[in-house]
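Q: missing the sequence, but the structure's below:
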């Protein structure tokens with residue numbers, strides 16, 4: 001595991017070899033894999049590598065990897081909404097209903113990207129009962145660098161709360 005994580009996290013390493021090592025880490029799994037992947041998300045300069053590490057983290061830790069992974073993404077980085085939807089939200093949605101409690105907890109995260117991703121993920125995974133938690137952050141004025149101007153976490157939370165209010 002240490003060798004696989006070292007190669008996967010080598011920012012000067014060959015991209016295809018790094019990607020293969022993410023597969024090795026996924027197959028071995030365990031706590032050391034989870035911690036190593038969180039470290040890669042936190043420290044790698046390349047966004048594509050951070051997204052790949054998040055994918056591996058969910059393969060290793062399932063719903064238990066969602067919040068540590070989201071909170072590891074650099075807060076000063078810029079994120080395209082389409083990338084967040086395709087490379088974070090869709091992966092979380094694949095976890096299904098087991099991810100719901102983690103996402104509701106994620107609404108209280110101190111990290112804006114974690115809160116926004118939780119909101120966007122709850123749009124498909126949330127139930128009517130989750131609308132109250134979303135409404136609690138409807139006044140959240142935080143934005144994500146790279147998202148459309150004026151799109152706050154609070155506005156998205158209010159929109160999603162209204163959309164899921166009638167879901168059983």
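A: Sure thing, it's come through. As the structure is a prediction and not an experimental result, all values here were calculated from the model. Numbering: from 1, shown residues only.
Q: Against residue 4, how distant is the residue nearest the centre of the chain?
A: Nearest to the geometric centre of the chain sits residue 70, at 3.9 Å (C-alpha atoms, centre = their mean). As for residue 70, its distance to residue 4 is 23 Å (criterion: C-beta to C-beta, to the nearest Å). Using the backbone N, CA and C atoms, a C-beta is placed for each residue, glycine as well.
Q: Residue 164 now?
A: Residue 164 sits 39 Å away from residue 4, going by C-beta to C-beta.
Q: Kindly report the same for residue 14.
A: From residue 14 to residue 4 the distance is 14 Å (C-beta to C-beta).
Q: who's more crowded, the two?
A: Applying other C-beta atoms under 10 Å to residue 14 and residue 4 shows that residue 4 carries more neighbours, namely 20 against 10.
Q: State the distance from the more buried one to residue 22.
A: 8 Å.
Q: pLDDT at the residue nearest to residue 9 when sequence neighbours are not counted, what is it?
A: Closest residue to residue 9 apart from its sequence neighbours, by C-beta to C-beta, 6 or more residues apart in numbering: residue 40 at 4.7 Å. Residue 40 is assigned 98 on the pLDDT scale.
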